[in-house]
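In: what follows is a predicted protein model with its sequence.
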Amino acid sequence: AAAMTEAERYGWDQVNQAWSIPISASFVSDRKEPCCAPARFLNGAASPISGSMADLFASDAEMTGEPAENAPLADRLRPRTLSDVVGQDHLTGPEGAIGRMVAAGRLSSIILWGPPGTGKTTIARLLADAVDMRFEPISAVFSGVADLKKVFAAAKDHARRGGKTLLFVDEIHRFNRAQQDSFLPFVEDGTVTLVGATTENPSFELNAALLSRAQVLILHRLDATALDLLLNRAEELTGRPLPLTAAARDALLASADGDGRFLLNQVETLYSIDLAEPLDPAGLSALLHRRMAVYDKDREGHYNLISALHKSLRGSDPQAALYYLARMLTAGEQPLYVLRRLVRFASEDIGLADPQALVQCLAAKDAYDFLGSPEGELAIVQACLYCATAPKSNAAYGAMKTAWKSARDTGSLVPPKNILNAPTRLMKSIGYGKGYQYDHDSAEGFSGDNYWPEEMEPQSFYAPTDRGFEARVAERMAYWDRLRAERREDS
């Protein structure tokens, strides 16, 4: 065998190091099996990798080039060219990133980021065909070190014969940081062109070194037009109209929630049932289930919705705020999490403009604790609407940040002695409490005394707005400032 180059030796070292981590470190937190467990399949003879992941993606139809008659509808309708892909024209069209790569005949490494059922795997396979590259698929869920070594060895061998390999890694975010690093030398020297697919935000799930070598392309959830085109193709392929009324057809599109694969599976179910007459929306709802909303409590969807809720509240839009609240709770979010965010909002974005907002949110928490779901969720709705319609002020929040900074900057300055307690004779003898003016002894209940350290000029942290109750607070502060100035003039 020919001696390996330095880059090749480095690459294998990276692979071995990445995959020789203790087994406990290779577990995904919500899975019981290790993410790097090697896969073994039976019908992989056509793949250059014996027992590799190719069979996870390659059906008999793809091996022969034509789908079998009994293949799933989604497989029979799988696009044959990039122009057949629906809903992603911003990428696959002539002016899109993928369209330009195909036109130039050169493909760079890319990460396809998008929701399930939007065509990531299909686009990767069609890309390989379009630029005449060997398509090599693996899954981050199942493939192990042996699979990767065979992939890279086969890619090296193919490159020596003048060929190019497109390595498609499904669920690439499942690989840990060290495992992602193992791809770098082979991407760097052109052994493979990497196309990764992920439903998670690459900024959080992929390391910077990999992102610097790959362009992130965002796939959109399929809109109603794209989904309807899939329905038309299904009807054309089967030669049968869908047994649905127009209203039920619209309901079917809505139930897919942007997932083309889910929609075609629903269509296949409809075609498998003998129906005497077309279904209306009620009949369709009784027969088929809606697609569960995409929502992971520790992933980007979770943070996107709580951000949307918070900003809708801040923008005083009760209708939008209620919509995002409903999105979260109907998807299974913990109500107490939402309540904690509402309590925070009441302090951060309403503050003293309406002090009752905080009371309302805490009362909603108590009501939910007492009633539970679903009855207690109405109290959460009430708190949400109260916050959305309350006057807004972040003056208290701004004052907190400014005061905290001042405290850190000024260190350990001692308060003036006149406001220090003097419980002992010694403390009295050194001036503690001397000259303190008891405010309630003055006519206005205000002494105008100085409360700042001698080494520090008085500061202004809190600047109340003229909105809601805070306008009255501003009047009081202006009144006390005037009295304080008069006391200093008199002294």
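Out: It's in. Numbers count the residues shown, from 1 in each chain.

In: residue 196 falls within a strand, correct?
Out: Yes - assigned with DSSP: H, G, I helix; E, B strand; the rest coil, residue 196 falls within a strand.

In: now it. Nearest residue, chain neighbours left out?
Out: Using C-beta to C-beta, 6 or more residues apart in numbering and skipping the chain neighbours, the partner closest in space to residue 196 is residue 172 (3.5 Å). The way it works is simple: take the backbone N, C-alpha and C, and place the C-beta from them, glycine included.

In: next up, the contacts around the one you found.
Out: Counting by C-beta atoms under 8 Å, 6 or more residues apart in numbering, residue 172 makes contact with 111, 140, 180, 196, 197, 198, 206.

In: got it, and residue 247?
Out: Counting by C-beta under 8 Å, 6+ apart, residue 247 touches 280, 281.

In: what helix or strand does it sit in?
Out: Element membership for residue 247 (DSSP states H and E) is helix 246-256.

In: pLDDT (mean, whole number) over that helix?
Out: Regarding helix 246-256, the rounded mean pLDDT is 90.

In: mean confidence for the next helix or strand after that helix?
Out: Going down the chain from helix 246-256, the next helix or strand is helix 260-271, by DSSP H and E. When pLDDT is averaged over helix 260-271, the result is 91.

In: pull out the buried positions in helix 260-271.
Out: 260, 261, 262, 263, 264, 265, 266, 267, 270, 271 (16 or more other C-beta atoms under 10 Å).

In: please apply the same query to stretch 180-195.
Out: 180-187, 191-195.

In: thinking again about what came up before, could you dump the buried residues of helix 260-271 to TSV with distance to residue 360?
Out: What follows is the buried residues of helix 260-271, written out as TSV (distance: C-beta to C-beta, whole Å):
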residue	distance to residue 360
260	43
261	44
262	39
263	42
264	47
265	44
266	42
267	47
270	47
271	52
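
In: ok so, going back, now the helix holding residue 247, how far from the centre of its chain.
Out: 27 Å (C-alpha atoms, centre = their mean, to the nearest Å).

In: only alpha carbons, please: show that helix as CSV.
Out: Provided in CSV are the C-alpha atoms of helix 246-256 (Å, rounded to 0.1, in the frame of the first residue of the first chain):
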residue,chain,number,x,y,z
ALA,A,246,-62.7,21.9,-1.0
ALA,A,247,-62.8,22.9,2.7
ALA,A,248,-61.5,19.6,3.8
ARG,A,249,-58.6,19.9,1.3
ASP,A,250,-57.7,23.2,2.9
ALA,A,251,-57.9,21.6,6.3
LEU,A,252,-55.6,18.8,5.2
LEU,A,253,-53.0,21.3,4.0
ALA,A,254,-53.2,23.2,7.3
SER,A,255,-52.8,19.9,9.3
ALA,A,256,-49.5,19.2,7.6
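
In: quick check: buried residues in that helix?
Out: Per 16+ other C-beta under 10 Å, helix 246-256 contains these buried residues: 248, 249, 251, 252, 253, 255, 256.

In: same question for stretch 333-344.
Out: For stretch 333-344, burial by neighbour count (16+ other C-beta under 10 Å) applies to 333, 335, 338, 339, 341, 342, 343.

In: work out for me the element the last one sits within.
Out: Following DSSP H and E, the helix or strand that holds residue 343 is helix 335-345.

In: quick check, pLDDT for residue 367.
Out: pLDDT for residue 367: 96.

In: for the one 3 residues further on, same thing?
Out: Reported pLDDT at residue 370 in the predicted model: 94.

In: neighbours of the nearest residue to it once chain neighbours are set aside, just the number please.
Out: Leaving aside its sequence neighbours, residue 370 sits nearest to residue 376 (C-beta to C-beta, 6+ apart; 7.0 Å). By other C-beta atoms under 10 Å, 18 other residues sit near residue 376.

In: check contacts around residue 193.
Out: So residue 193 contacts 107, 108, 109, 133, 164, 165, 166, 167, 187 (C-beta under 8 Å, 6+ apart).

In: residue 314 now?
Out: 345, 349, 392.

In: could you rerun that using 6 Å?
Out: residue 349 (C-beta atoms under 6 Å, 6 or more residues apart in numbering).

In: and it, how far is that from residue 348?
Out: Distance, residue 314 to residue 348, by C-beta to C-beta, to the nearest Å: 9 Å.

In: next one: residue 220
Out: From residue 220 across to residue 348, the span is 33 Å (C-beta to C-beta).

In: for the stretch 201-350 of the chain, just list every one of the helices.
Out: Using DSSP state H, counting those that start in this stretch, the helices found in the stretch 201-350 of the chain span residues 202-205, 208-212, 224-238, 246-256, 260-271, 281-287, 300-314, 318-330, 335-345.

In: among the buried residues of helix 246-256, which one lies nearest to residue 120?
Out: Nearest to residue 120 out of the buried residues of helix 246-256 is residue 256 (C-beta to C-beta; 16.6 Å).

In: find the nearest non-adjacent residue to that closest one, please.
Out: residue 263 is the one closest to residue 256 (C-beta to C-beta, 6+ apart), at 3.8 Å.

In: you'd agree the one you found is up against residue 257?
Out: No - using C-beta atoms under 6 Å, residue 263 and residue 257 do not qualify as a contacting pair, with a distance of 9.1 Å.

In: quick one: the strand or helix carrying residue 402 to chain centroid distance?
Out: Following DSSP H and E, one finds residue 402 within helix 395-410. The chain centre lies 31 Å from the centre of helix 395-410; the measure is C-alpha atoms, centre = their mean.

In: what of stretch 167-175?
Out: Taking C-alpha atoms, centre = their mean, one finds stretch 167-175 lying 18 Å from the centre of the chain it belongs to.

In: burial count for the closest residue to residue 119 other than its chain neighbours?
Out: In this structure, residue 119 finds its nearest non-sequential neighbour in residue 85, 5.4 Å apart by C-beta to C-beta, 6+ apart. By other C-beta under 10 Å, the residues close to residue 85 number 22.

In: tell me how far residue 85 lies from residue 222.
Out: 10 Å.

In: wasn't residue 466 part of a helix?
Out: No - checked against three-state DSSP, residue 466 lies outside a helix; its state is coil.

In: which parts of the stretch 51-200 of the chain are helices?
Out: 54-57, 60-64, 73-76, 89-92, 97-104, 120-130, 145-160, 177-181, 184-188.

In: just checking, what packs against the last one?
Out: Put plainly, it is helix 184-188. Under the contact definition 3 or more C-beta pairs under 6 Å, 6 or more residues apart in numbering; DSSP states H and E, helix 184-188 sits against helix 6-19.

In: again, 8 Å this time
Out: On a contact count with 3 or more C-beta pairs under 8 Å, 6 or more residues apart in numbering; DSSP states H and E, helix 184-188 meets helix 6-19, helix 208-212.

In: which of these comes out lowest on mean pLDDT?
Out: Of all the helices and strands packed on helix 184-188, helix 6-19 carries the lowest average pLDDT, namely a mean of 53.

In: pLDDT wise, what is residue 164 at?
Out: At residue 164, pLDDT is 92.

In: tell me the contacts of it?
Out: Residue 164 makes contact with 131, 132, 133, 134, 158, 193, according to C-beta under 8 Å, 6+ apart.

In: which ones among those residues lie within strands?
Out: Among these, DSSP state E puts 134, 193 in strands.

In: ranking by neighbours, what's the top pick from the contacts of residue 164?
Out: Sorting the contacts of residue 164 by how many neighbours each has (other C-beta under 10 Å) puts residue 193 first, at 23 neighbours.

In: list the beta-bridge partners for that residue.
Out: residue 166 (DSSP bridges).

In: any regions of the stretch 151-300 of the chain where pLDDT drops low?
Out: For the stretch 151-300 of the chain, residues meeting the criterion pLDDT under 70 lie at 290-300.
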